[in-house]
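Trainee: all I have is the shape, not the residue letters:
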DNA sequence: TCAATGGTGAAGTGATTGCTTGACTATCGG
DNA sequence: CCGATAGTCAAGCAATCACTTCACCATTGA
C-alpha cells in the first residue's frame, strides 16, 4: 500500500510562491545543493533556506547532508498526489456536464 | 489563441485552504449560491464570502447576481492550467530520470 | 591550524491572512 | 409598504509569511 501523502494544504501553499516553484522546477532535473538553488534568486541565502524549509515541511522535497553541502531532491509522488486532486475535479466536472446536457435534452423532448 | 490564464501564484494560494477546496469540489458539480456554499462550513457567512472573494480574484470562479442571490460557477480552464504545470514537471522529471539512467549505463560500459 | 567556503539559527519587521462582530443594503412574497 | 431572506462592507485582531541582518558552526584544503 502507498505511504500516505502529505496534506494538500501544505503542498499547494508551498507551490503558491514563484521562488519555490522555481526551485521545484530546478529539482525536477535532478538533485541540487542549497547554494545552487540560491543562485538564480535575488535574495539572501537565509531567505532561500527558509523557502526550502517550507518545501521540506510540506513534503515536496527531501534533503541530505553530504560533507559541508546539503543536497535536495524532489519527492515526485507528492506532485503526483496534487495532480490527482485536479484530475478528480476535472473528471467530476466533465461528468456533471454530461449529466446536465442529458437532462436538458430530456427537458426539450418533453417540452 | 488561448485567453491567458490567471497566474499560478494566486491559483495555488487559493487552493491551499481546505474550505476553498471544498467550495471548488462543490462547484465542480454545478453552480451554487453563496448560501449553499456556506452551509457545510462552521464559519460566518462573512468569512465564506471572503473565501469566495479569494477564489474569484484568483480567477478560479466567476459569479453573477441573479435577483437577491449571487450564483458562483467554476472556471474549469483554470484548473486545467494548474494541472498542466504538474504534468510539465512530471514529464521533465521522467525525462531527466531516463537520461540519468542512460548515463549510468554508459558509465558502466566504460568502467 | 587557520582561512575560506557552505550552511544554520534566531530575532525583528512590515504585510497579508483568516477570521469575528456588527451595521447596512437589496430583493422577494404577501 | 413590511418583514423575512440573502448578501455586502468595514473595522479590528491574532497569527502567519516573506523577508532582512547578523552572529554562529562545520568541512575542506592549503
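Mentor: Structure received. For clarity, every value in this text was computed on a predicted model and none was experimentally measured.

Trainee: rest of the way, CA atoms for contacts and neighbours
Mentor: Fine.

Trainee: so which bits of stretch A:23-42 are buried?
Mentor: Buried residues in stretch A:23-42, defined by neighbour count with 16 or more other Cα atoms under 10 Å in any protein chain shown: A:23-34, A:37-38.

Trainee: what about the strands in chain A?
Mentor: Under the criterion DSSP state E, strands of chain A are mapped to A:32-33, A:61-66, A:69-74.

Trainee: tell me which strands the last one pairs with, and in which orientation.
Mentor: Strand partners for strand A:69-74, identified by DSSP bridges, are recorded as strand A:32-33 (antiparallel), strand A:61-66 (antiparallel).

Trainee: DNA strand D: which of those is closest?
Mentor: Closest approach to DNA strand D among those (Cα to the nearest atom of the strand): strand A:61-66, 6.9 Å.

Trainee: now do the buried residues in that closest one.
Mentor: For strand A:61-66, the neighbour count (16+ other Cα under 10 Å) marks A:61, A:62, A:63 as buried.

Trainee: centre of the chain to that strand, how far?
Mentor: Distance of strand A:61-66 from its chain centroid, counting by Cα atoms, centre = their mean, to the nearest Å, is 18 Å.

Trainee: next: stretch A:24-31.
Mentor: Here stretch A:24-31 is found 13 Å from its chain centre; the criterion is Cα atoms, centre = their mean.

Trainee: flag every residue of chain A that's near DNA strand D.
Mentor: Within reach of DNA strand D by Cα under 7 Å from any atom of the strand, chain A has these residues: A:16-17, A:19, A:42-44, A:46-47, A:50-51, A:66-68.

Trainee: got a list of what the residue most central in space within chain A touches?
Mentor: Among the residues of chain A, the one closest to the centroid is residue A:79, at 4.5 Å (Cα atoms, centre = their mean). By Cα atoms under 8 Å, 6 or more residues apart in numbering or on different chains, residue A:79 lies in contact with A:60, B:86, B:90.

Trainee: returning to what we had before: out of the residues of chain A next to DNA strand D, which is nearest to residue B:100?
Mentor: Nearest to residue B:100, judged by Cα to Cα, of these is residue A:66 at 20.0 Å.

Trainee: nearest to residue A:94, of the contacts of residue A:79?
Mentor: residue B:86 (19.8 Å).

Trainee: just checking, that closest one touches residue A:84?
Mentor: No. Using Cα atoms under 8 Å, residue B:86 is not in contact with residue A:84; the gap is 9.7 Å.

Trainee: counting neighbours, go ahead and name the busier of these two.
Mentor: residue B:86 (18 against 14; other Cα atoms under 10 Å in any protein chain shown).

Trainee: tell me the contacts of that one?
Mentor: Residue B:86 makes contact with A:79, A:80, A:82, A:83 under the criterion Cα under 8 Å, 6+ apart.
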